[in-house]
Structures are given as structure tokens and as C-alpha cells.
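> Model the following, please.
(one chain, ligands or ions: 1)
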Amino acid sequence: MEKPGPAADALAALTPERPLVLAGAGKMGGALLAGWLKAGLRAAALRVVDPAAPAPTSALLARVAGRVEAAPPEGLTAGALVIAVKPQALGETLPAFRPLVGPDTLVLSIAAGITLATLGNMVGGGQVVRSMPNTPAQIGQGITVAVAAPGVGDAQRALATALLSAAGSVEWVADEGLIDAVTAVSGSGPAYVFLLAETLAEAGVAVGLPAELARRLADATISGAGALLAATGDDPATLRKNVTSPNGTTAAALDVLMAKDGLAPLIRRAAAAAKKRAEELAKGG
Ligand SMILES: NC(=O)c1ccc[n+]([C@@H]2O[C@H](COP(=O)([O-])OP(=O)(O)OC[C@H]3O[C@@H](n4cnc5c(N)ncnc54)[C@H](OP(=O)(O)O)[C@@H]3O)[C@@H](O)[C@H]2O)c1
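Prediction:
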């Protein structure tokens, strides 16, 4: 029999008496939930709180259908509380979860822009970890950056890593100040890539392709290039050079994209705008 990995070991700390309580089972919460079940978390060690009680979207989620509640369970201390409600709903949502939080409870938030200090005040204790996942988490291929409040224990960090691994890879930073920059790169980044697919398809039409074909070519090019980048582990500059013959077609396009006023300054400006907005949102703007 295969030996359980570190994620399964960390998840084993969650029991029916000290369960994982998930607040919000929307897009991101639902994706995490599916990942946890796949990673071997027992449905009995889970309590899902979502007043809208979303219909299970898969056979996997149907396993926890009976464990979805409209309000936080009473009379227990959670092993972990995962906060996956919209940031603007946190203020009215979290007070009701305070009784679930004991000194050792991992409080793991994925809410964008809500600081460790604010989370700590809202839940009134626990071992608080703030994280920023991104949307490929929905298929287990996201990347999440996490930061822990001072004093968070090793066991809680390991549990946070195990829970976030359900969404893809996990990176830890020590400085919470980096999270706004993380948001500008990986948090908002998938939208930049989707826009690239859209504009590549439009450019295909402009150079004479039928719209449907241009769209299929653009989508497959973006996903294929991403898969190649992931599969080879080569750095993107090497992959770009490998596909660029001197004086060839790709070189002609890259001369435009890599010009002084090309893609690099544009993406730099976009990331700076995202970071600035993340800072404003964190301040309540
Ligand atoms: N989606 C992403 O790519 C992404 C990326 C990074 C971070 N995040 C963060 O992930 C969090 C969730 O985003 P999402 O896209 O998954 O949003 P979502 O699909 O709207 O999910 C939020 C869920 O929480 C439920 N909810 C509302 N009030 C609640 C309460 N008092 N108790 C329990 N559940 C409650 C909502 O129900 P109703 O629909 O009835 O309100 C909804 O089902 C956000 O904080 C967001 O910042 C998301």
C-alpha cells in the first residue's frame, strides 16, 4: 500500500471533533473542497457553511452534500477554519465563526485584500494565515502564496500547506507587504493570459483567418505553450529562443513585441496598476 504523504499526515489532524470548517462554498471554496476530498480528507471531518447551500457540482461534492449548513456549527472548536467568502462579506460573516476558533485553530483566509491584522481582529484569535490563490485553482493548477501571522506554529503551517495544495502549488513569504505584488502577478495574471488569447484570436482575424478557426488556434496555442513551459521546466526565454529562427516569422513578430514600446512596458504598467489597486482595496478603498 502507498504510504500517505505529508499532506495526508497533516489532514489527519482534522477529525469530526476538531473538523475543518469551510466558510463559503462558491467557486474557490468548492474547488478547494473537491481537492481536499481527493487528497483523502474524510467527509466526516468537514463542516461546510454556506447559506446559499450550493447544489453539489460533481459526484465528489455530493459526498459532503449532507454536511452543508446555513450557519456555523455550535459547540465545537475547529481544527481549521477556511475563509472563502467574498472580501466584502467578511465583516458580517466572521463574527458568527468566532466561537469555533480556539488558540490552536488554523484560520486560513483566501479573501483578497484582507490583512492578517484585520483577520485576527475579526476572528478574535487562532493561528492566522492569509493567502492569495489564483483561478486555475479550480482545476488544481493554481498557485497560492501564503503568509502567516507571527507565532503561527509548524503544525498549522503544515496544515495550511496541505489545504492549499489542493489548489495547486504553494509558496510562502515572510513579508505580508509582498502580497499586493503577488496579486499583481499570479492573482490577476490569469486574466492577462486570457486577454492574450482574445487578442491573438482578433489578430488572427485581422490577418485573414475565419473567426472560429482563429479562436481555436489562439486558445490551443496559449494552453499548449503553457503546458510545454510546465512540462519542460525550461525558462520561458529559452523556450522563446528555441522557437525563433534568425530572420524568420517568429523573429519578425518578436521585433514588434520586444520593441521599446512593446509588451514589456505594457505588462509592467498593468502589474503596477493591479498592485496599486490591491493596496487601495486593502485600505478599504
Ligand atoms: N475566484 C478567484 O479566482 C479568486 C482568486 C483569489 C482569491 N479569491 C478569493 O476567494 C474568495 C471566494 O471567491 P469566489 O470567487 O469563490 O466567490 P463566490 O463564488 O461568490 O463564493 C463565495 C461563497 O460564499 C458564500 N457566502 C456568502 N455569505 C456567507 C456566509 N455568511 N457564510 C458562509 N458562506 C457565505 C456565497 O454565497 P452567496 O453566493 O449566496 O453570497 C458564495 O457561495 C474571495 O474572498 C476572493 O477574494 C478568489
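> Pull up the gap between the residue located most distally from the centre of the chain and Leu254, please.
Going by CA atoms, centre = their mean, the residue of the chain most distant from its centre is Asn247, 40.5 Å out. To Leu254, Asn247 is 12 Å away according to CB to CB, to the nearest Å. Placement of C-beta: from N, CA and C, glycine included.
> In this structure Asp104 contacts Gly153, no?
Yes - between Asp104 and Gly153 there is a contact under CB atoms under 8 Å: 7.5 Å.
> ok, the residue in the stretch 151-285 of the chain that the ligand sits nearest to - how many residues close by?
The stretch 151-285 of the chain approaches the ligand most closely through Gly187 (5.6 Å), counting by CB to the nearest ligand atom. For Gly187, the neighbour count with other CB atoms under 10 Å is 24.
> Residue numbering should commence at 43 henceforth.
In the new count, where the first residue is 43, that last one comes out as Gly229.
> residues contacting the spatially closest residue to it that is not a sequence neighbour?
Nearest residue to Gly229 in three dimensions, chain neighbours excluded: Met174, at 5.0 Å (CB to CB, 6 or more residues apart in numbering). By CB atoms under 8 Å, 6 or more residues apart in numbering, the contact set of Met174 is 152, 154, 186-188, 221, 224-225, 228-229.
> at 10 Å instead, please
For Met174, the contacting residues are 151-155, 184-189, 213, 215, 220-222, 224-225, 227-230, 320, by CB atoms under 10 Å, 6 or more residues apart in numbering.
> can you tell me how far Thr147 sits from the ligand?
Applying CB to the nearest ligand atom, to the nearest Å, the value for Thr147 to the ligand is 17 Å.
> That residue - how many residues pack around it?
22.
> hmm, who's touching stretch 250-262?
Stretch 250-262 is contacted by residues 236, 238-249 when judged by CB under 10 Å, 6+ apart.
> Correction: the previous question concerned stretch 220-232.
Contacts with stretch 220-232, where a contact means CB under 10 Å, 6+ apart, come from 154-155, 157-158, 172-179, 184-189, 211, 213, 215, 217, 234, 309, 312-324.
> So which of the residues you listed belong to helices?
Here DSSP state H is the test, and the contacts of stretch 220-232 give 158, 234, 309, 312-324 as lying in helices.
> any weak-confidence spans in the stretch 93-242 of the chain?
Applying pLDDT under 70 to the stretch 93-242 of the chain flags the ranges 95-103, 107.
> And the strands in it?
Assigned by DSSP state E, counting those that start in this stretch, the stretch 93-242 of the chain shows strands spanning 110-111, 122-125, 148-151, 169-174, 184-190, 210-214.
> quick one, the fourth one and strand 184-190 angle?
In other words, strand 169-174. Angle, strand 169-174 to strand 184-190, by axes from the mean of the first three to the mean of the last three CA atoms, to 10 degrees: 140 degrees.
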